[in-house]
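**Q** dropping a prediction and its sequence here:
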Amino acid sequence: MSRTLIIGASQAGLQVATTLRELGDDTPITLVGGETHLPYQRPPLSKAYLAGKVGLEGLTFRGEQWYRDNAIDLVLGEKVTEVTLPTDGSRGIAITAAGRPLEFERLALTVGGRARRIAVPGSDLDGVCYLRHLDDAGDLRSRMDSAENVVVIGGGFIGLEAAAGVRAAGKRVTVVDIADRLLARAVAPVVSEFYLEAHRRRGTEVLLGTGIEQIVGSDGHVTGVKLAAGQTLPADLVLVGVGLQPRMELAEQMGLDVDGGIVVGTDARTSHPAVVAAGDCTVTTHPDHGSLRLESVQNAVAQAKVAAATLLGVVPPAAGIPWFWSDQADLKLQVAGLNSGYDDVVVRGEPDSESFSALYYHDGQLVSTDSINAPRDYMAVRKILERGGNVSPAAAANPDIPLKDHLKAIA
C-alpha cells in the first residue's frame, strides 16, 4: 500500500492531501508541519488578522475532525530534519527533530519559505519583527498596542499591507525602502506612484532610495532606525518586510535540483520521480517568462492539485491564469496575468480617483492587469486571458467601453 508523506502543513500541503482524497486515493497520508497550529490562511496575517478583524478561528481551514474523517495523520510542531529517499522498492523515511520516523513511498514538499532577514547592527534587538507565521502576526499585533512610532523596512506587498493596518490603528508609521519606488519589482511606475501618494494621503511617511545603517536601541529594545543618510527615525517597533527565501534545505539534502527554489516541471515533479513539490518553495520554467517562482495562494493551490494528480499518475488539471490580490487599507489591488517583459502600459480611469487599472502589453498583446478598486476590469481581463484573446491598447484605453464588451468578440 502506497503511503504519501507531505512535508509542510501549508495551504499547498493541505491542498495536496485534499486533492488526493478527492481523486479517490484511500492510502495513508501523513501531513507534517513545524508549527503547532492547524493549517491556516497566511494572506490575512498582514491584513485582517493584524487589524484585529479576524481571529484564529477565522484563519483555520479545517477543524481536527475533518482530518480524522479523511484519514489524514496530522503531525504538528515537528520539523523534518532529514529525508532518505526510497530506493529499489524500499520505503523512504523522514526523521523529525524529535526523532520521529515517518515512512513513505510518495513524497510532497510544500515547505514554503521564511522571511528574509536583514543583517545590520541592532537587527537582533527586541521589537524588531518579521511577519510570516501566525505567531509572528500575534506578536506584532500585541506589540502594536503600546507602540507609538513604527518603522516598516521594505516597500513591497507585505510591508505596505502591514503599514496600512498599523496606520489605521492610529500609529505613526514610516516606510523605508532602498528602491526608488514602491513595489518596484512587481508593478509599473504609474502604479508605484499611485501607492506612494495614496499611503501619504493616509498619513504614512514614505522614504525611498534610503538604506538602513543601523537599528538603535536602549536596554536591549529598539528605539530608532538610523538611515544611511544619517537621520535617525524614532521607533519603538520595527517591522522588516524585505521578501521571502524559499526553504530548500531538505531538497538540497536529498540531492534534488534547486535553483532559487526547488526545481519542478509543469507536472510539479522534482528531479526525483517519487517526489513532487508545490507552493512558494518551487521554481519552474514558463514558456514566455523563463525561470519563475510565484508567491501566491492561487499558484500554491493550483500547483498542489497538479502535484496530487502526478503522484497518482492521472492527468493533471490545466494551468490557469495566475492571479493575486493585495489589500492596503481600503485599496484592493487585483492582479491577473504576469507582466514581466511588458513594453507598454495602458491606464484606464484616473489614479487620483483611487479606482483605475493598469493594463500591461507585450508586442501589442494584453498580458496582465493591475486593477485597484476596479473589479470589473480585473474580471474582464482575467477572462480575456483565459480565452487566449486580446484587446488592442487603443481600445483598452477608452474608459467609455467596458472591457467585458470586448469578450463578445472572443470565442
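**A** Done, it's in. Numbers count the residues shown, from 1 in each chain.
**Q** got any ranges where the protein has weak pLDDT?
**A** Along the chain, the parts satisfying pLDDT under 70 run over 1, 411.
**Q** scan it for its longest helix.
**A** helix 297-312 (DSSP state H).
**Q** check which helices and strands that one sits against.
**A** Helix 297-312 is packed against helix 11-22, strand 106-109, strand 275-277, strand 323-328, with contacts defined by 3 or more Cβ pairs under 8 Å, 6 or more residues apart in numbering; DSSP states H and E. For the C-beta atoms, the positions are set from N, CA and C on the backbone; glycine is no exception.
**Q** hmm, who's touching that helix?
**A** The contact list for helix 297-312, computed with Cβ atoms under 8 Å, 6 or more residues apart in numbering, reads 4, 10-13, 15-17, 19-20, 23, 25, 42-43, 106, 108, 110, 264, 266-269, 276-280, 282, 315-317, 319-320, 322-324.
**Q** V314: how many residues sit nearby?
**A** V314: 12 surrounding residues under other Cβ atoms under 10 Å.
**Q** nearest spatial neighbour of it, skipping sequence neighbours?
**A** L23 (6.4 Å; Cβ to Cβ, 6 or more residues apart in numbering).
**Q** how many neighbours does the one you found have?
**A** Residues near L23, counting by other Cβ under 10 Å, number 13.
**Q** that one reaches V315, doesn't it?
**A** No - using Cβ atoms under 8 Å as the test, L23 is too far from V315 to be in contact (10.7 Å).
**Q** contacting residues for the residue nearest to P322 when sequence neighbours are not counted?
**A** What sits nearest to P322 in space, not counting adjacent residues and going by Cβ to Cβ, 6+ apart, is L338, at 5.7 Å. The neighbours of L338, taking Cβ under 8 Å, 6+ apart as the test, are H286, D288, H289, L292, P322, V367, S368.
**Q** buried members of the residues you listed into ChimeraX, please.
**A** Of these, the buried ones go into a single ChimeraX selection, burial set by 16 or more other Cβ atoms under 10 Å:
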select :292,322,367,368
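**Q** turn the contacts of L338 into JSON lines, columns for distance to M254 and secondary structure.
**A** Formatted as JSON lines, the contacts of L338 follow (distance: Cβ to Cβ, whole Å; DSSP: H, G, I helix; E, B strand; the rest coil):
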{"residue": "H286", "distance to M254": "25", "secondary structure": "strand"}
{"residue": "D288", "distance to M254": "30", "secondary structure": "coil"}
{"residue": "H289", "distance to M254": "27", "secondary structure": "coil"}
{"residue": "L292", "distance to M254": "22", "secondary structure": "strand"}
{"residue": "P322", "distance to M254": "28", "secondary structure": "coil"}
{"residue": "V367", "distance to M254": "36", "secondary structure": "strand"}
{"residue": "S368", "distance to M254": "35", "secondary structure": "strand"}
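**Q** closest to L74 among the contacts of L338?
**A** P322 (29.6 Å; Cβ to Cβ).
**Q** what about that closest one, distance to N339?
**A** According to Cβ to Cβ, to the nearest Å, P322 stands 10 Å off from N339.
**Q** same check on P44?
**A** Distance, P44 to N339, using Cβ to Cβ: 25 Å.
**Q** returning to what we had before: go through the contacts of L338 and name the one nearest I215.
**A** Distances from I215 to the contacts of L338, taken by Cβ to Cβ, are shortest for L292, at 33.6 Å.
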